[in-house]
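S.K.: predicted model follows, preceded by the sequence.
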Amino acid sequence: MVSQAINGADQPRAQWYWKSNSDPWSTNGNEEWTKYSDIESAIIEEAFNQKNKTKLAELDNYSINLNDSIQISKSDPNKQRQIKRVLTSRNESQGLREERFFLTPELSKTFTDDWGKEAYIFLSQWKKDKELSDPEIVEQAANGIIIEGTKLGQHSDSQYLARQIIAVKNKKREEIYKCCIQLYTMECFLYKLINKALRETDTSKINTLGPFCYILFRSWITTDTKHAAELYRGVNIDQNTLKSYAEATGQNRCWSGFTSTSKNPQKAQTFGNTLFIIDATKNSGLDISHLSNYDEEEVLLPPPTAFTIMEVKETATKTYVYLKLLDNQQPTPTPNFLSHLANTLHPMSIDVTKPKCHLVPRSI
C-alpha cells in the first residue's frame with residue numbers, strides 16, 4: 001500500500017510532533033514541539049491509520065504508542081514524551097530547505113568531451129550487459145536503498161522507502177517515475193547520499209544507488225512536465241569558490257549531481273550570500289513541484305547540468321551569478337552525451353534535441 005506521503009501532494013497531510021521541552025511532563029511554561037522527519041511522520045501515520053486496536057509504530061530509536069500518544073525510548077523505556085498529530089498543507093511550509101537548495105554545487109574544473117562521466121558511470125555501468133524487466137529494476141532500486149540506509153543506521157527510513165517503490169513495481173512506468181520522484185523530494189538520507197556519490201564518483205555505490213538514479217534520470221527524459229524558463233538557487237559561497245566562477249566567466253562548466261532549483265526567486269534568495277540565476281529557456285529542468293509535499297516550486301536539473309557562466313555581479317548585499325544552460329541543439333558534447341547515455345541505458349530510438357522525447361524502451 002502506497003503511503004499518504006506519496007499520494008496527493010496537494011492534499012492536507014498529517015505531520016507528527018514530539019514534545020521537546022527539557023521536562024516533557026511539566027505543565028509550567030510554553031510547550032515546545034519538534035517535528036518528526038518526513039519518513040518518521042509517515043511511518044507513524046501508517047500505524048495511526050491501521051484498523052487493529054494496538055496501534056504501535058517502530059522507529060529506529062523509539063516505539064510510538066499511538067493509543068496513549070507516547071514516544072518511548074528503546075534504550076530506556078522510562079524516557080517517554082508526548083506526541084501529537086497536526087494536519088498541514090504545502091502552503092504552510094515556509095521557505096526552502098537549506099541542505100537541499102542552498103549547499104554550493106561543486107563546479108567542474110574543465111569542460112571537455114569527458115564531462116558528465118560521473119553520471120554516465122552511475123546511470124549505465126550497473127545495468128551493463130543485463131536484460132532486466134521493469135519490476136526487476138525496481139526491486140534492485142529498493143534493495144540498494146535498504147543496503148545503503150542500513151550502513152547509515154537509517155533502518156526505518158530505508159525500509160519505508162523500499163516499501164513505497166515495491167508497491168508500484170508492477171504498475172505503469174509513469175507511476176514508477178512518479179513514486180521515485182516523490183521519494184527523492186522527501187527530507188531524508190536518499191537525495192543527499194545520491195548527490196554525494198555522484199559528485200565523488202563513488203563507484204562502491206553503483207550497484208546500490210545506480211538503479212534508483214537510473215529510474216530518476218529516465219523520468220527526466222520521458223516526463224512532459226518540463227520547465228524552460230528562468231530558475232534560481234541560493235547558496236552560501238566562500239570567496240575562493242566565487243573567484244572560480246568569476247574566472248570562468250564565458251566558459252562552459254557543469255554540476256555533477258541532480259540539482260534542485262526553484263521557480264520562485266524570493267524563496268531562493270532568502271538564504272546565503274549568492275544567488276544563481278539560471279537561464280533554462282534553451283534547455284529545461286523537470287518541474288516536480290506538484291509531486292512534493294513542500295511548497296518550494298522545485299525544478300530538478302539532471303546530472304550532469306552543463307551551462308555557460310555568463311556573468312558574476314557583486315553588490316553590497318549579495319552576489320548574482322548568471323548561468324545559461326547549454327542548448328541541446330548547439331554543437332557541444334550535450335546532445336552526444338545524452339543520446340549516448342540514453343541509448344546505453346537501454347537500446348532505443350531517441351532524439352534529445354526535441355523538447356519532448358518520445359521513447360519506446362523495453363524496460364523503464
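M.R.: All right, it came through fine.
S.K.: least confident secondary structure element in this protein?
M.R.: None of the helices or strands of the chain scores lower by mean pLDDT, DSSP states H and E than helix 333-345, at a mean of 48.
S.K.: can you give me the distance of the closest residue to Lys313 other than its chain neighbours to Ala246?
M.R.: Leaving aside its chain neighbours, Lys313 sits nearest to Tyr320 (4.6 Å; criterion: C-beta to C-beta, 6 or more residues apart in numbering). Any C-beta I mention is one placed from the backbone N, CA and C, and that applies to glycine too. Distance of Tyr320 to Ala246, computed by C-beta to C-beta, to the nearest Å: 12 Å.
S.K.: in a helix, Glu46, correct?
M.R.: Yes: looking at Glu46 with DSSP: H, G, I helix; E, B strand; the rest coil, it is inside a helix.
S.K.: hang on, it packs against Ala57?
M.R.: Yes: judged on C-beta atoms under 8 Å, Glu46 makes contact with Ala57 at a distance of 7.3 Å.
S.K.: looking at those two, which is more packed in?
M.R.: Per other C-beta atoms under 10 Å, whichever of Glu46 and Ala57 has more neighbours is Ala57, with 24 against 16.
S.K.: for that one, which three-state class applies?
M.R.: With three-state DSSP as the basis, Ala57 sits in strand.
S.K.: how far away is it from Tyr294?
M.R.: Distance of Ala57 to Tyr294, computed by C-beta to C-beta: 23 Å.
S.K.: swap in Gln125?
M.R.: With C-beta to C-beta as the criterion, Gln125 and Tyr294 are 32 Å apart.
S.K.: equivalent analysis for Ala167, please.
M.R.: According to C-beta to C-beta, Ala167 stands 22 Å off from Tyr294.
S.K.: now swap in Ser262 and tell me
M.R.: Ser262 sits 10 Å away from Tyr294, going by C-beta to C-beta.
S.K.: isn't Tyr17 right next to Glu40, touching?
M.R.: No: look at Tyr17 against Glu40 with C-beta under 8 Å: they stay out of range, at 10.6 Å.
S.K.: more neighbours, those two?
M.R.: More neighbours surround Glu40 than the other of Tyr17 and Glu40, with 22 against 17 (other C-beta under 10 Å).
S.K.: what sits against the more buried one?
M.R.: Residues near Glu40 by C-beta atoms under 8 Å, 6 or more residues apart in numbering: 16, 59, 156-157.
S.K.: in its sheet, what does the helix or strand Val321 falls within sit against?
M.R.: Using DSSP states H and E, Val321 falls within strand 319-325. Partner strands and pairing direction for strand 319-325 (DSSP bridges) are strand 274-279 (parallel), strand 305-314 (antiparallel).
S.K.: most tightly surrounded among these?
M.R.: Most buried of the strands paired with strand 319-325, by mean neighbour count (mean count of other C-beta atoms under 10 Å): strand 274-279, with a mean of 22.
S.K.: send the alpha carbons of that strand over as CSV?
M.R.: The C-alpha coordinates for strand 274-279 follow below in CSV (Å, rounded to 0.1, in the frame of the first residue of the first chain):
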residue,chain,number,x,y,z
THR,A,274,24.9,34.3,-3.6
LEU,A,275,22.0,33.7,-6.0
PHE,A,276,22.4,31.6,-9.1
ILE,A,277,20.1,32.9,-11.9
ILE,A,278,19.8,30.2,-14.4
ASP,A,279,18.5,30.7,-18.0
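S.K.: close enough to count as contact, Phe276 and Thr241?
M.R.: No: with contact defined as C-beta under 8 Å, Phe276 does not count as touching Thr241 (12.0 Å).
S.K.: burial measure for Lys196, as a count.
M.R.: Look at Lys196: counted by other C-beta under 10 Å, it has 14 neighbours.
S.K.: repeat for the one 4 residues further on
M.R.: Counted with other C-beta under 10 Å, the neighbours of Glu200 add up to 13.
S.K.: what's the distance between it and Ala141?
M.R.: The value you get for Glu200 to Ala141, if C-beta to C-beta is used, is 20 Å.
S.K.: what's the answer for Glu298, then?
M.R.: In terms of C-beta to C-beta, Glu298 sits 21 Å off from Ala141.
S.K.: what do you get for Ser63?
M.R.: The gap separating Ser63 from Ala141 is 29 Å, by C-beta to C-beta.
S.K.: ok, those two, which is more surrounded?
M.R.: Higher neighbour count among Ser63 and Ala141: Ala141, with 27 against 15, using other C-beta under 10 Å.
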